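Chemist: quick one, structure for this:
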Amino acid sequence: MPEQTPPQWTRETNWRQGSVLPPEAVTRFGLSNAVDPEATCLVVVTHDCDLANDNLDAEPNVEVIAGRTVEAPNGNFTWAKAPRTIHYPVVRDGALVHIELTATGKQHISKSDLAPFEPDSRFHLEGSTLSVLRSWLGSRYNRAAFPDTFVRRMDSTKANSKLAKVLESHGTCISFVYFDLDEGQCIERGDGDAYQLSIVLVFHPGDDPEIAADKADEAADAVREAVGSRLAAETHIVLKTCFAISEDDVPVSKVRVLTQWRIEHMTLRADEEQLGPPYV
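Modeler: Below is the predicted model of the structure:
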């Protein structure tokens, strides 16, 4: 009996960014989530163009992340708000589940080894969610930095942790968190020179914009109270306002002076602690 030729990687591959590896492939490659192996979800994060490249000298590997499914999303990690970790929704066997990926968990699989397998057909990823995933993948290398002085002041008052705590429970409807800091200026201020801070919570209107707006307003009220209480006795950061606005209503002119806050210490230098899953 003639020996069967193993499948080859071609431009017609069915693998796409966001595809999930089937259980037999997970077993074959011996990759699993370090925290919850039973909930392992091995996700392809290589760009579609690189997946389609059948020149294995130029693009020999597929990049994957050994993520996991989680019971409920953490509001800090939805909508790519945190560059280290993302929680995003997918449909598996007709039911909604959430996948958790951590940026530091990337692994490589050779295209030749992956060629015999097909993506797990149980999983379906919406195009809008894929856009969020792509934004998250790029955010680790393309995010703004705040002045060190401002970050230290946020740390000293615990205002940053208060904001993260509020968004953990209220943040699933919030797609972007922006800071309007001194009208877009990046200044290292001295003692007695206060930063003027406004917090803008941008929400996704979804299928029912009125309900989404109500939830976002609740989040804004909670942020205003929590962060404001931390800054009220201080004079080095003044919280001017916190409000929610729909993605459909954010003018380009406003975005020009806003800086996205990605639920971590966004300083010009590295900090010892960065927000991530409890096990990081």
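Chemist: quick check: the gap between the residue nearest to Arg16 when sequence neighbours are not counted and Gly228.
Modeler: Take Arg16 and drop its neighbours on the chain: the residue closest to it by Cβ to Cβ, 6 or more residues apart in numbering is Asp48, 5.6 Å away. From N, CA and C alone the C-beta is placed, and that goes for glycine too. Counting by Cβ to Cβ, to the nearest Å, the separation of Asp48 from Gly228 is 44 Å.
Chemist: name the residues of stretch 212-230 that come out as buried.
Modeler: 212-213, 215-216, 219-220, 222-224, 226-227, 230 (16 or more other Cβ atoms under 10 Å).
Chemist: kindly report the same for stretch 47-63.
Modeler: For stretch 47-63, by 16+ other Cβ under 10 Å, it's 48, 51, 53, 59, 61-63.
Chemist: farthest pair in those residues?
Modeler: Across these, the longest distance by Cβ to Cβ is 15.0 Å; it joins Asp48 and Asn61.
Chemist: is it correct that Pro60 is in contact with Ile109?
Modeler: No: at 10.0 Å, Pro60 does not count as touching Ile109 under the criterion of Cβ atoms under 8 Å.
Chemist: pLDDT weak spots in this structure?
Modeler: 1-4, 142-145, 183-185, 233-235, 253-257, 262-280 (pLDDT under 70).
Chemist: tell me where it has helices.
Modeler: Ranges of helices in the chain, per DSSP state H, are 23-29, 48-52, 111-114, 127-139, 148-157, 159-170, 209-231, 252-255.
Chemist: just the C-alpha atoms of stretch 157-170, please, in CSV.
Modeler: C-alpha atoms of stretch 157-170 as CSV (Å, rounded to 0.1, in the frame of the first residue of the first chain):
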residue,chain,number,x,y,z
THR,A,157,-4.5,57.9,46.4
LYS,A,158,-5.5,54.4,45.2
ALA,A,159,-7.8,56.2,42.7
ASN,A,160,-6.5,53.8,39.9
SER,A,161,-7.4,50.7,41.9
LYS,A,162,-10.8,52.2,42.7
LEU,A,163,-11.5,52.8,39.1
ALA,A,164,-10.5,49.2,38.2
LYS,A,165,-12.7,47.8,41.0
VAL,A,166,-15.7,49.7,39.7
LEU,A,167,-15.2,48.6,36.2
GLU,A,168,-14.8,45.0,37.3
SER,A,169,-18.5,44.9,38.0
HIS,A,170,-19.8,47.8,35.9
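Chemist: which parts of that stretch are buried?
Modeler: Buried, per 16+ other Cβ under 10 Å, within stretch 157-170: 157, 159-160, 162-167, 170.
Chemist: equivalent analysis for stretch 35-50, please.
Modeler: Buried, per 16+ other Cβ under 10 Å, within stretch 35-50: 35, 39-46, 48.
Chemist: in the stretch 1-150 of the chain, which spans are strands?
Modeler: For the stretch 1-150 of the chain, the strands defined by DSSP state E, counting those that start in this stretch cover 40-44, 61-70, 85-92, 95-102, 106-110, 123-124.
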